[in-house]
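Chemist: With the sequence up front, the predicted model follows.
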Amino acid sequence: IGTLLALFLAKFFVKPIVKIIEAAESISKGDFSVKVIHQSNDEIGILGETINDMAVQLDKIERLRKEFIANVSHELKTPITLIKAYAEVVKDMDLGEQDEQQHLQVIIEESDRLNDMVEDILYLSKMESGFSDLQYGEVSLDEVIDCIIEKLSYFASQKNIQIVMEIDAIRPIVYGDENKLYQVFYNIINNAIHHSYENSKIFVKVFDMVEGLRIEIIDEGSGIPEEDLPHIWDRFYKVDKSRKRDESGTGLGMAIVKNILEAHHFKYGITSNIDQGTTVWIEI
């Protein structure tokens, strides 16, 4: 009786462990659809539930990886195709000097865009891998934003857009990585210019809160559909799929903004209404 009881208890305890081992082996081979069926609430049951959660999370990561590779391949293919096409036209056709210069300019622009995209991909990959390498120090927001407005003034003037900075803070100084925060505000303001209507204004407001500062970048542009708002921070996501080639960007700007802000543990968000503009806010 004792021997039979021992065999029964051994089978009772060993069977779920064998199932967990089999599930772990399947997961290690890339099959994330496996599920450990368990009915107990003891340590073995908890281990089984943990294995199930791990399979779900790994499946999500794998789908994101495949989506990222597909997006990168698509985005890189466009400028490469244009460079090749225009180069062949210049090589094979007898063009006038003006047409030839225009074709070469397209090749230069697409080469620059390709270079920017590769740099953004590498930078984003580094951020998402946890190697943010933030260099903390005191950052004067008014000086940073003023410098960005000056650099983007040419592009704003092309659409007769006025960028207005309103500092209503006693001391607009924050603690963070100045270069990374520069990139954050550069990307957001640059986006606002591209999506604003001609002869409009963009407001950059900095004001005090109870604990810290709030920055708002407000444009008077086309706005973003409600269903698109949750995806604004995704890689390669573009609201306007019909954007012209020279204004399409790399599709990584807001994903980089998100990663930098989260590395700093700053709160952020976006609100928008169609044809009424968009507001991107950051709380520090």
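Modeler: That came through fine. Numbering: from 1, shown residues only.

Chemist: going forward, measure contacts between C-alpha atoms and count neighbours the same way
Modeler: Will do.

Chemist: which helix of this protein spans the most residues?
Modeler: Identified as the longest helix of the chain according to DSSP state H is helix 43-92.

Chemist: can you give me the strands in the stretch 51-200 of the chain?
Modeler: Assigned by DSSP state E, counting those that start in this stretch, the stretch 51-200 of the chain shows strands spanning 136-140, 162-168, 173-177.

Chemist: Of the ones you listed, which is nearest residue 72?
Modeler: Set against residue 72 and scored by Cα to Cα, the strands of the stretch 51-200 of the chain come closest in strand 173-177, at 27.9 Å.

Chemist: Just give the strands next to the closest one in its sheet, each with its orientation.
Modeler: strand 136-140 (antiparallel) (DSSP bridges).

Chemist: Send me the partner strand as CSV with only the CA atoms.
Modeler: Output in CSV follows, covering the C-alpha atoms of strand 136-140 (Å, rounded to 0.1, in the frame of the first residue of the first chain):
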residue,chain,number,x,y,z
TYR,A,136,21.7,65.0,-16.3
GLY,A,137,22.2,68.7,-15.5
GLU,A,138,20.3,71.9,-15.3
VAL,A,139,18.5,72.8,-18.5
SER,A,140,17.1,76.3,-19.3
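
Chemist: shaky segments in the protein?
Modeler: 39-40, 68, 71, 74-75, 78, 127-132, 237-250 (pLDDT under 70).

Chemist: sec struct for the most centrally placed residue in the chain, please.
Modeler: For the chain, the residue lying nearest the average C-alpha position, counting by Cα atoms, centre = their mean, turns out to be residue 255 (1.3 Å). Assigned with DSSP: H, G, I helix; E, B strand; the rest coil, residue 255 falls in the helix class.

Chemist: give the contact list for it.
Modeler: Applying Cα atoms under 8 Å, 6 or more residues apart in numbering to residue 255 gives the contacts 124, 232-235.

Chemist: How about residue 216?
Modeler: So residue 216 contacts 203-206, 279-282 (Cα under 8 Å, 6+ apart).

Chemist: do residue 138 as well
Modeler: Applying Cα under 8 Å, 6+ apart to residue 138 gives the contacts 173-176, 178.

Chemist: about what we covered before: for the longest helix of the chain, packing partners?
Modeler: Judged by 3 or more Cα pairs under 8 Å, 6 or more residues apart in numbering; DSSP states H and E, helix 43-92 is in contact with helix 2-28, helix 97-128.

Chemist: chain center to that helix: distance?
Modeler: Put simply, helix 43-92 sits 14 Å off its chain's centre (Cα atoms, centre = their mean, to the nearest Å).

Chemist: As JSON lines, the helices and strands packed on helix 43-92 with distance to residue 190 and mean neighbour count would be great.
Modeler: Formatted as JSON lines, the helices and strands packed on helix 43-92 follow (distance: least, Cα to Cα, whole Å; neighbours: other Cα atoms under 10 Å):
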{"stretch": "helix 2-28", "distance to residue 190": "43", "mean neighbour count": "14"}
{"stretch": "helix 97-128", "distance to residue 190": "15", "mean neighbour count": "16"}
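
Chemist: Can I get these in CSV including distance to residue 50?
Modeler: Converted to CSV, those look like this (distance: least, Cα to Cα, whole Å):
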stretch, distance to residue 50
helix 2-28, 10
helix 97-128, 24
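
Chemist: out of the ones you listed, nearest to residue 163?
Modeler: Of all these, helix 97-128 sits nearest to residue 163, with 25.0 Å by Cα to Cα.

Chemist: what angle do that closest one and helix 43-92 make?
Modeler: Here helix 97-128 runs at an angle of 170 degrees relative to helix 43-92 (axes from the mean of the first three to the mean of the last three Cα atoms, to 10 degrees).

Chemist: Figure out how far helix 97-128 is from the centre of its chain.
Modeler: For helix 97-128, the distance to the chain centre is 19 Å (Cα atoms, centre = their mean).

Chemist: what helices or strands is that helix leaning on?
Modeler: Using 3+ Cα pairs under 8 Å, 6+ apart: helix 97-128 touches helix 43-92, helix 253-264.

Chemist: which non-adjacent residue is nearest residue 175?
Modeler: With sequence-adjacent residues excluded and distances taken as Cα to Cα, 6 or more residues apart in numbering, residue 175 is closest to residue 138, at 4.7 Å.
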